[in-house]
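Undergrad: quick check, what structure comes out for this input:
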Amino acid sequence: MNLFEKMAAVMQDVQYLAKDNRVEFKSTNYKAISEEKVTSAMRKALLQHGLVVFPVEQERTRVGTITSVDVKYRLQNVDDPEDYVIVASAGDGADTQDKGAGKAMTYAYKYMFLRTFAVPTGEDPDKISSAELDAKTAVEPLVGEVEIETLKKVVRALGAKSANEFKRITGVALKDLPGMTKSQWGVLMAQLNQQMDDAQHKAAMADGDSA
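TA: Numbering: from 1, shown residues only. From the prediction side, this is the model:
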């Protein structure tokens, strides 16, 4: 059997996976399907029909508490080394510590199986409008390392040489920068850039008067 015939056989074996988890937190209450259930069902079918899947390329980014991964998997026919396809997937993981990448990779892996093999789970995100979902889940994105370093460079250019001077100029303590939102950063940067322009204008006027 070639790769696509084996994929069809797997789809024949795994026709539906019911959600087995319930996520509850405050007003949040919904059912989900676990990675363990998806992987267990798919692993059995893949082994039975001579297929293996593994990641071959991954890109990762982090903005605030959200880690995103873009992963490419190789779906391989074990009977023919030249018979394979590359499958793309993506995932996001929210975590304030060091587990964001793992969560994102788990999400990408789970949905790679569900989408590649067209496995229904009873999940239908289109039952809720995008606007409603955005309203329920909207979270102001936080600044990343690039924004923080840019802010520090501008403040140093304005003469700050200590943490106290940094706070005096910006109104924000250095230790609080990781919790700054991108909109707050944008407003502050605009103010600092105006200070830079004013300082340069005064310097130019002073040079003109001395001449």
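
Undergrad: every contact and neighbour count from this point should use C-alpha atoms.
TA: Noted.

Undergrad: list the buried residues for the longest helix anywhere in the chain?
TA: With DSSP state H setting the assignment, residue counts place helix 182-210 as the longest helix in the chain. By neighbour count on 16 or more other Cα atoms under 10 Å, the buried set for helix 182-210 is 182, 185, 188-189, 192, 195-196.

Undergrad: for stretch 103-118, same thing?
TA: By 16+ other Cα under 10 Å, the buried positions in stretch 103-118 come out as 103-114, 117.

Undergrad: how close does the nearest residue to Asp83 once chain neighbours are set aside sit to Pro178?
TA: In space, and not counting its chain neighbours, Asp83 is closest to Asn77: 5.6 Å by Cα to Cα, 6 or more residues apart in numbering. Separation of Asn77 from Pro178 (Cα to Cα, to the nearest Å): 46 Å.

Undergrad: repeat for Leu114
TA: In this view, Leu114 and Pro178 are 35 Å apart by Cα to Cα.

Undergrad: same check on Ala88?
TA: Distance of Ala88 to Pro178, given as Cα to Cα: 32 Å.

Undergrad: and the residue nearest the centre of the protein?
TA: Against the mean C-alpha coordinate of the chain, by Cα atoms, centre = their mean, the closest residue is Ser68 at 2.3 Å.

Undergrad: what's the closest of the buried residues of stretch 103-118 to Lys152?
TA: The closest of these to Lys152 turns out to be Ala104 (Cα to Cα; 30.0 Å).
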